[in-house]
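Colleague: After the sequence you'll find the predicted model.
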Amino acid sequence: QVQLVESGGGLVQAGGSLRLSCAASGRTFSLYAMGWFRQAPGKEREYIAAISWGGGSTYYADSVKGRFTISRDNAKNTVYLQMNTLKPEDTAVYYCAADRHYSGTAWSPEYWGQGTQVTVSS
């Protein structure tokens, strides 16, 4: 069992930056691939970023590529999502996720955080 707790969401103006954090507890963090999803009101959940166990492989959706960066610190059991050049369309609830298996393009993680709201004003 893995417990995930996101933090760092908030309100930011378009063009600004935020860094989300996801702290994990439970089983050995370094054995899990980690990632981020988001869901805007009235829209389907979107898979936006993932990182492999050791951090050597990453995935980004086209919608965030070049603006968002995923990273992890296994010593701190934490994964981060640095979000730059934010746009109003980035407004959503952002969810952290974890799974023993990693797939860059199609990933169905087992464990989920409770989500953190990100709102980008125009």
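Modeller: Looks like it arrived, so ask away. Residues are numbered from 1 along each chain as shown.
Colleague: what about stretch 28-41, start to end distance?
Modeller: Distance across stretch 28-41, first residue to last, is 34 Å (Cα to Cα, to the nearest Å).
Colleague: buried set for that stretch?
Modeller: Neighbour-count burial for stretch 28-41 flags 29, 32, 33, 34, 35, 36, 37, 38 (criterion: 16 or more other Cβ atoms under 10 Å). The way it works is simple: take the backbone N, C-alpha and C, and place the C-beta from them, glycine included.
Colleague: Next step: the residues you listed restricted to strands.
Modeller: 33, 34, 35, 36, 37, 38 (DSSP state E).
Colleague: Which of the residues you listed sits closest to residue 19?
Modeller: Using Cβ to Cβ, residue 36 comes nearest to residue 19 of these, at 11.8 Å.
Colleague: Next, the contact list for that closest one, please.
Modeller: 20, 22, 48, 49, 50, 70, 79, 81, 94, 95, 96, 97 (Cβ atoms under 8 Å, 6 or more residues apart in numbering).
Colleague: List the contacts of the closest residue to residue 104 other than its chain neighbours.
Modeller: In space, and not counting its chain neighbours, residue 104 is closest to residue 59: 3.8 Å by Cβ to Cβ, 6 or more residues apart in numbering. Counting by Cβ under 8 Å, 6+ apart, residue 59 touches 35, 49, 50, 51, 104, 105, 107.
Colleague: which element follows whatever helix or strand the second one lives in toward the C-terminus?
Modeller: So the one you mean is residue 49. Using DSSP states H and E, residue 49 falls within strand 46-51. Tracing the chain past strand 46-51, the next element assigned as helix or strand by DSSP H and E is strand 58-60.
Colleague: what mean pLDDT does that following strand have?
Modeller: The average of the pLDDT scores along strand 58-60 is 96.
Colleague: Okay, now the sheet partners of it, with direction.
Modeller: Counting by DSSP bridges, the strands paired with strand 58-60 are strand 46-51 (antiparallel).
Colleague: By neighbour count, which bits of the strand it pairs with are buried? Give me those.
Modeller: Those would be 47, 48, 49, 50, 51, for strand 46-51 by 16+ other Cβ under 10 Å.
Colleague: Could you report the separation of the residue positioned nearest the centre of the chain from residue 103?
Modeller: With distances taken as Cα atoms, centre = their mean, the residue of the chain nearest its centroid is residue 36 (2.5 Å). Plainly put, residue 36 is 15 Å away from residue 103 if you go by Cβ to Cβ, to the nearest Å.
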